[in-house]
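# here you go, sequence then predicted model.
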Amino acid sequence: MLVLKMPKEQKELLVEKVQAYFEQERSEPIGQLAAEQLLDFMLQEIGPHVYNKAIADARQLLMERMASIEDELYSMEKPLVRR
């Protein structure tokens, strides 16, 4: 299981955002403990999917860049002169 560690300040900011979301979108106040538990649940359940998607995107970008570099290397080759 992926355990996401984040600085205390970052987690506090995200908890505040969860609380603001509930207040603005649902007109429901949510306490700090409930917001923190919801955040922990979401990170545990959704975090691995987001992480894997980010890895797949990075892998695809890397493969595209490597293909581009390979093309550039082929274009730099000098023709061989046969005698």
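In hand now; what should we look at? Numbering: from 1, shown residues only.

# every contact and neighbour count from this point should use C-alpha atoms.
Will do.

# check which helices and strands the longest helix seen in the chain sits against.
Longest helix in the chain by number of residues (criterion: DSSP state H): helix 32-76. Helix 32-76 sits against helix 8-26, with contacts defined as 3 or more CA pairs under 8 Å, 6 or more residues apart in numbering; DSSP states H and E.

# other SSEs contacting the helix it packs on?
Helix 8-26 packs on helix 32-76, going by 3+ CA pairs under 8 Å, 6+ apart.

# what angle separates the helix it packs on from helix 8-26?
110 degrees (axes from the mean of the first three to the mean of the last three CA atoms, to 10 degrees).

# apart from its neighbours in sequence, what residue is nearest residue 19?
residue 30 (5.7 Å; CA to CA, 6 or more residues apart in numbering).

# helix/strand/coil for that neighbour?
Three-state call for residue 30 (DSSP: H, G, I helix; E, B strand; the rest coil): coil.

# what is the neighbour count of it?
Here the count is done by other CA atoms under 10 Å, and residue 30 has 16 residues near it.

# residue contacts, it?
Residue 30 makes contact with 19, 22-23, according to CA atoms under 8 Å, 6 or more residues apart in numbering.

# again with residue 6
Residue 6 sits next to no residue when contact means CA under 8 Å, 6+ apart.

# per-residue pLDDT, residue 80?
You'll see residue 80 listed with a pLDDT of 89.
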